[in-house]
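[1] A predicted structure for the sequence below; I have some questions about it.
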Amino acid sequence: MLDAERYRSDLVQLGLHKIAHQDETLLDHMFRACAILQDMKAGEHVCLAGLFHGVYGTEGLHNDNVESIPEERRVEVRAVVGPRVEEMIHTFSVMNYASLGKSFRNIMRPKGEPALKDRRTGEEIPLDRDEFEDLLRMKLGDVLAHMPQQVSHSHLNLPAEYAGFWQIAAEYLGPDAVNTWNTFTKGQLWIEPEQN
């Protein structure tokens, strides 16, 4: 199991403790996303990517400089997490959310392939189904990490706002994702687990 605390100083060195993210720091949000992915029993590489998922910004938040992510920054992140995980983080950062939905619809078909697009260029990001499922799982962890933590919150409640899509995604990703969904939505958006 990934020891997320081992990476805290790296994340602080990257300055993520200084970035506001709704009612908390981006660092706190990313630790919560990682814990959710661990609860989902995601692969260690997915959990690590989830821990660093906001390092470059995303379409939804902190995306002002995404067009010019400096190569030095990518080299710095790659040195901490390795090339495979850094590539996942970069793809997560530059992906167009509409193409995430289209890609998910595509892979639900027997021979469908992802059609993820780079929001900066509009070009397709080449991914196989497994790589796309890792990104989908990572995004589900991020969405669940946006659940409001207290009553007087200013968070957009992403799971409730887009419940239909994310419930189907959780079911597609399997029983561990369903259990995590049910736990973190506190039963408000319950998915009935499949009985064997």
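    Noted; the coordinates are in hand.
[2] next, count neighbours for Arg119.
    Per other Cβ atoms under 10 Å, the neighbour tally for Arg119 reads 18. Placement of C-beta: from N, CA and C, glycine included.
[3] ditto for the one 4 residues further on
    Other residues near Glu123 come to 9 when the count uses other Cβ under 10 Å.
[4] how much space separates it from Ala115?
    Here the criterion is Cβ to Cβ, to the nearest Å. By it, Glu123 lies 11 Å from Ala115.
[5] tell me where this protein has strands.
    Along the chain, counting by DSSP state E, strands occupy 20-21, 24-25.
[6] lowest average pLDDT across those?
    Lowest mean pLDDT of these: strand 20-21, a mean of 56.
[7] please pull out the lowest mean pLDDT helix or strand from this protein.
    strand 20-21 (a mean of 56; mean pLDDT, DSSP states H and E).
[8] go ahead and flag the most central residue of the protein.
    With distances taken as Cα atoms, centre = their mean, Lys139 lies nearest the centre of the chain, 2.9 Å away.
[9] list the contacts for that residue?
    Neighbour list for Lys139: 92, 100 [criterion: Cβ atoms under 8 Å, 6 or more residues apart in numbering].
[10] from Glu87, how far out is it?
    According to Cβ to Cβ, Lys139 stands 16 Å off from Glu87.
[11] same check, this time on Asp134
    On the measure of Cβ to Cβ, Asp134 and Glu87 end up 11 Å apart.
[12] so for those two, which residue has more residues nearby?
    Shown here are Asp134 and Glu87; by other Cβ under 10 Å, Asp134 has more neighbours (21 against 15).
[13] residues in contact with the more buried one?
    Contacts for Asp134 (Cβ under 8 Å, 6+ apart) come out as 42-43, 45-46, 49, 88.
[14] what of Phe184?
    Phe184 sits next to 36, 39, 144, 147, 159 when contact means Cβ under 8 Å, 6+ apart.
[15] and it, how close does it get to Glu113?
    Applying Cβ to Cβ, the value for Phe184 to Glu113 is 30 Å.
[16] what do you get for Arg105?
    From Arg105 to Glu113 the distance is 11 Å (Cβ to Cβ).
[17] just Val143 next, same as before
    The spacing between Val143 and Glu113, counted by Cβ to Cβ, is 23 Å.
[18] do the same with Ala4
    32 Å.
[19] then Val178?
    Val178 sits 25 Å away from Glu113, going by Cβ to Cβ.
[20] among these two, which residue is more densely surrounded?
    Val178 (20 against 15).
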